[in-house]
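> Fold the following for me, if possible:
(one chain, ligands or ions: 2)
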Amino acid sequence: MHSFIQHLPKVELHLHIEGSLEPELMFELAQRNQVEIPFNSPEEVRNAYQFTNLQSFLDIYYQGANVLLHEQDFFDLTWAYLLRCKQDNVIHTEIFFDPQTHTARGVAFKTVIEGITKALEQAKSELGISSQLIMCFLRHLSEEDAIETLQQALPYKEKIVGVGLDSSEQGHPPEKFTEVFRQAREAGFLAVAHAGEEGPALNIRNAIDILGVKRVDHGVRCVEDEALVAELAETRMPLTVCPLSNTKLKVFQEMTEHNIVELLRKGLCVTINSDDPAYFGGYMTDNFNAVANAHPMTHAELAQFTLNAIEASFISDAEKQALAEKVDHYVASHA
Ligand code: ADE
Ligand code: ZN
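Ligands and ions are numbered 1, 2, ... in the order given. Purely as a prediction, here's the structure:
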């Protein structure tokens, strides 16, 4: 089973690039940029990663991002993640970045996007990994701030496929961002949003109905509304689920309690993703293994997570077909 998972072609749709900052690189960048961090070693950083809920994680995550200042830093961060993708046989990845986390500290939008996209281009040519980029608005900030961020993104529109919504879900529901999502969709961006991670099933409905999202990030609290679950199955609305994140942030106490396999078997377009792998102790293969250990599955079911992610991805139909053929071929060769 573990060998099947290790080599299975994978597609990641929910990865915050700032959440792939490993403690070792955090230290290196802190020294390189002479940024003070309240830790004496990478071990100390790791020991601080004891989370009780989403907010307890976000406080540490935004602090970690302070070491990112220059284009080279964003390149190094992204390249390190892409090398991990290669190890895990991730063949396509759609990456989130949080521009406001950086522009609020005086780092230019251009610095962030140039560093990330140069690494993505290099990964395409040197590692054979394709990608898309999604810009997230921070929901704890105002909609005006998000609208200003959308304006800053317009010159780079050809590098960004969509907009998303992340950060603290409690108290910041999807409808707070109705206007900026309307403007983003009008400008041609696809929409996604975190919803139903810590917030209620109603946030999932509103992300779909009001923000016009093409995918829901997390969405695991959909089970609190039976009619919604039926509708998600019927419409094949994708959920980008992050199993290790959910147990680390106590959305589920144990992986055995996680509902991802139940949702898969109900016909929902659920996918497995790593969210913030440096903080939650695992990349794509680790997430697949954690789910499979707690919920025994067939090879076909494991492969279905990748097929769902291909279906849910923001690439052309021809590209989807080429990726799906790789998965089908892999499964057939392991029959
Ligand atoms: N930003 C980074 N990871 C996140 C998560 N799991 N939920 C909300 N915002 C995030
Ligand atoms: Zn996330």
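
> Summarise which helices and strands the host helix or strand of Glu44 is packed against.
Under the criterion of DSSP states H and E, Glu44 resides in helix 42-47. Other helices and strands packing on helix 42-47, by 3 or more Cβ pairs under 8 Å, 6 or more residues apart in numbering; DSSP states H and E, are helix 23-33. (Each C-beta comes from the backbone N, C-alpha and C, glycine too.)

> All the helices of the stretch 101-250 of the chain, residue numbers only.
Using DSSP state H, counting those that start in this stretch, the helices found in the stretch 101-250 of the chain span residues 109-126, 143-153, 178-186, 201-209, 226-235, 243-248.

> any chance of these in TSV, plus distance to Val270 and mean neighbour count?
Shown next, in TSV, are the helices of the stretch 101-250 of the chain (distance: least, Cβ to Cβ, whole Å; neighbours: other Cβ atoms under 10 Å):
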stretch	distance to Val270	mean neighbour count
helix 109-126	26	18
helix 143-153	28	17
helix 178-186	23	17
helix 201-209	13	22
helix 226-235	9	15
helix 243-248	10	24
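
> Isn't Arg215 up against Thr235?
No: Arg215 is beyond contact range of Thr235, at 11.5 Å (criterion: Cβ atoms under 8 Å).

> Buried residues, the helix holding Glu44. List them.
By 16 or more other Cβ atoms under 10 Å, the buried positions in helix 42-47 come out as Val45, Arg46.

> Equivalent analysis for stretch 22-29, please.
With the criterion 16+ other Cβ under 10 Å, stretch 22-29 contains buried residues Glu22, Pro23, Leu25, Met26, Phe27, Leu29.

> Could you do stretch 78-97 as well?
For stretch 78-97, by 16+ other Cβ under 10 Å, it's 78-82, 84-85, 88-97.

> In this structure His2 contacts Asn289, no?
Yes: under the criterion of Cβ under 8 Å, His2 makes contact with Asn289 at 6.1 Å.

> Quick check on those two: which one has the bigger neighbour count.
Relative neighbour count places Asn289 above the other of His2 and Asn289, with 17 against 11, counting by other Cβ atoms under 10 Å.

> need the contact list for that one.
His2, Ile5 (Cβ atoms under 8 Å, 6 or more residues apart in numbering).

> Am I right that it sits in a strand?
No: counting by DSSP: H, G, I helix; E, B strand; the rest coil, Asn289 is located in no strand; its state is helix.

> which residues sit in contact with the residue in the stretch 1-150 of the chain that ligand 1 sits nearest to?
Nearest residue of the stretch 1-150 of the chain to ligand 1, counting by Cβ to the nearest ligand atom: His16, 4.2 Å away. Shown in contact with His16 (Cβ under 8 Å, 6+ apart): Ile95, Phe96, Phe97, Asp98, Cys136, Asp166, Asp275, Asp276.
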